[in-house]
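Novice: how does the following fold in three dimensions:
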Amino acid sequence: MAYNEGTPAFIRDSGAESPTTIVAGYKNILLGIDLSPDSDALLRRTAELAADFEAALTLLHVVEYVPVEPMGEALLPTAPITEELSDASAMQLEQLAGRCGLGDAPRIVRVGNTKAEIVEVAREIGADLIVLGSHERHGLAILVNRTDDTVLHAAPCDVLAVRLG
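Specialist: Residues are numbered from 1 along each chain as shown. Predicted structure coming up:
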């Protein structure tokens, strides 16, 4: 693999029989992670990508707490519940990073709209790539505006959707 210093791209030449592929030289990767069972595999794949590009990797989990309000009035104060969810998420993110050997990677837990928070954090940290896990959709799920679709259109940088189970 050769690096052309005049442009921010790696050039992979796989031989005379196949064309040359240009891949962007990412330096600051943001991984939006949902802490699902697929999170370990997603983090490992993203860590490999970050290592290949010698890029910084930041982990982000967004707590999107939506209280159930059957009577239109909040039955419980949302602040303590949101704080508990954030604390539990931070602990899970810490354990995940430890299992994958990324103890030094910055970890961020935010509360809010997942799509908006991913885009906002990407801007804040100057990410040049956002990585998200993507699941195949069936039936009515095809009609729902998913996180990966929304982030793709609002992101200030490239977005990579990694196919998961």
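
Novice: switch to C-alpha atoms for all contacts and neighbour counts from now on
Specialist: Noted.

Novice: gap between the spatially closest residue to T114 that is not a sequence neighbour and A97?
Specialist: Excluding the flanking residues, the one nearest T114 by Cα to Cα, 6 or more residues apart in numbering is V62, at 5.5 Å. Distance of V62 to A97, computed by Cα to Cα, to the nearest Å: 16 Å.

Novice: the more surrounded of the two?
Specialist: For V62 and A97, the more surrounded residue by other Cα atoms under 10 Å is V62, and the numbers stand at 23 against 20.

Novice: the more buried one touches V109, doesn't it?
Specialist: Yes. Taking Cα atoms under 8 Å as the definition, V62 is a contact partner of V109 at 5.7 Å.

Novice: so after the lengthiest strand in the chain, what's the next helix or strand?
Specialist: Assignment by DSSP state E gives strand 56-63 as the longest strand of the chain. Helices and strands here follow DSSP states H and E; after strand 56-63, the next one along the chain is helix 78-99.

Novice: now for that following helix, which elements pack on it?
Specialist: Judged by 3 or more Cα pairs under 8 Å, 6 or more residues apart in numbering; DSSP states H and E, helix 78-99 is in contact with strand 56-63, strand 107-111.

Novice: please redo it, this time with the cut-off set to 10 Å
Specialist: Identification of packing neighbours for helix 78-99 by 3 or more Cα pairs under 10 Å, 6 or more residues apart in numbering; DSSP states H and E yields helix 39-53, strand 56-63, strand 107-111.

Novice: who does the second one pair up with?
Specialist: For strand 56-63, the paired strands and their directions (DSSP bridges) read strand 28-32 (parallel), strand 107-111 (parallel).

Novice: got any residues that touch both of V62 and V109?
Specialist: Common contacts of V62 and V109, defined by Cα atoms under 10 Å, 6 or more residues apart in numbering, comprise 86, 89-90, 117.
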